[in-house]
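**Q** Build me a model from this:
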Amino acid sequence: MTKTSTADQASAATALVGQRILITGASGFIGTHLARRLADAGAELVCLDLKPPRVVISGVKYVKGDVRDMAALDLPKIDRIFNLAAVHTTPGHPDHEYYDTNVNGALEVTKLAERDGVNHITFTSSISVYGPSEERKTEASLPAPVSAYGKSKLMAEKIHETWRANGEGRKLTVVRPAVVFGAGEGGNFARMAALLKKGFFVFPGRRDTIKSCIYVEDLLDLALLAGNTDSSYELLNGAYPECPTLETIVTNLRDQYFPKAKLYDVPQGLVMSAAKTLATFKGFGLGIHPDRVNKLLRSTNVYPTWAERRGLLSQTALHKGLERWAEATNHSFI
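**A** Sure, this is the predicted structure:
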């Protein structure tokens, strides 16, 4: 984020003080960071998840429950909702599970909002709604999801949009995050760092795959700032304007933190064959899987027009984001 937005960031968080805020999916990676951010600002939080919290924050009410069955939960009256609950890991789930949780969860959240008179929901969607593409996508691009995850997220967006349209004074903030990295992520970036820590990284057939991404705290800055505008509807991509290639990300990590690591180029077919073999042995703990290799071969070229127009992200934000990740994890990148 830029220095000029610091005061606005603080204002966006403190604006939530005095409201009882529900975070669904609060035990997830982004949810954990959001809960800590809002608690530090003094907000009253109700954190909902089927899983126990990664970190227990003093003063926060934790509720174990299913976002698909909100009526069964004993929740206090809610003033505002951050809906982060989702089935999202790919590979890992049959198609119907994405629809079951992501769509039914959106229906249940909006029902709760109707019941409690909530007038503001922030919903975390995904850049998967655009589908993989070498061409740049902005918030104005037409969605064209190809995965069950992307399709379910687009359906959930529509459910939230219907809720907003059916009531006066309602606001909806929809954030479409790219690859999000940071402490506790345990995903794509963590796997890259784990390989570099072991002394190598293999480019599977190409280096120029565009992988839009953002550091988790920068994503939260954008989401909170969007929620603090006067508009009744904000849609924004959570990504850096650099739209870095896989090579840019890997070499930034290698040059800054793993200078002895070797980079190799291996033909796609050979990498896929190895991934299929290693998947049988669960990738020896490195998360190597054919579907994840395919992700490294498909560009996600997403540009944050909403943030760029407001001067919120610099053109060198990736470098700073990686530095913040390193500092937050004491260079462990986990």
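
**Q** would you put the C-alpha positions of stretch 154-169 in CSV?
**A** Extracted in CSV, the C-alpha atoms of stretch 154-169 (Å, rounded to 0.1, in the frame of the first residue of the first chain):
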residue,chain,number,x,y,z
LEU,A,154,-19.9,-16.5,-9.1
MET,A,155,-23.2,-18.0,-8.1
ALA,A,156,-22.5,-16.8,-4.5
GLU,A,157,-21.7,-13.3,-5.8
LYS,A,158,-25.1,-13.2,-7.5
ILE,A,159,-26.9,-14.3,-4.2
HIS,A,160,-25.2,-11.5,-2.3
GLU,A,161,-26.1,-9.0,-5.1
THR,A,162,-29.7,-10.1,-4.9
TRP,A,163,-29.7,-9.5,-1.1
ARG,A,164,-28.3,-5.9,-1.7
ALA,A,165,-30.9,-5.1,-4.4
ASN,A,166,-33.8,-6.2,-2.2
GLY,A,167,-33.4,-3.7,0.6
GLU,A,168,-32.9,0.0,1.1
GLY,A,169,-29.6,1.3,2.5
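
**Q** With only the CA atoms kept, save stretch 101-112 in CSV.
**A** Output of stretch 101-112 as CSV, limited to C-alpha atoms (Å, rounded to 0.1, in the frame of the first residue of the first chain):
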residue,chain,number,x,y,z
THR,A,101,-20.8,-24.9,0.8
ASN,A,102,-20.2,-21.9,-1.3
VAL,A,103,-23.7,-21.5,-2.7
ASN,A,104,-25.7,-22.7,0.3
GLY,A,105,-23.5,-20.8,2.6
ALA,A,106,-24.2,-17.6,0.7
LEU,A,107,-27.9,-18.2,1.0
GLU,A,108,-27.7,-18.8,4.7
VAL,A,109,-25.6,-15.7,5.3
THR,A,110,-27.9,-13.5,3.5
LYS,A,111,-30.9,-15.0,5.4
LEU,A,112,-29.1,-14.1,8.6
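
**Q** pLDDT on that stretch, on average?
**A** The pLDDT scores in stretch 101-112 average 97.

**Q** Stretch 155-175 too?
**A** pLDDT averaged over stretch 155-175 gives 98.

**Q** chain center to that stretch, what's the gap?
**A** 19 Å (CA atoms, centre = their mean, to the nearest Å).

**Q** If you tally nearby residues, what's the number for P76?
**A** 12 (other CB atoms under 10 Å). Heads up, the C-betas are built off the backbone N, CA and C, glycines and all.

**Q** State the distance from it to H331.
**A** Going from P76 to H331 by CB to CB, to the nearest Å gives 41 Å.
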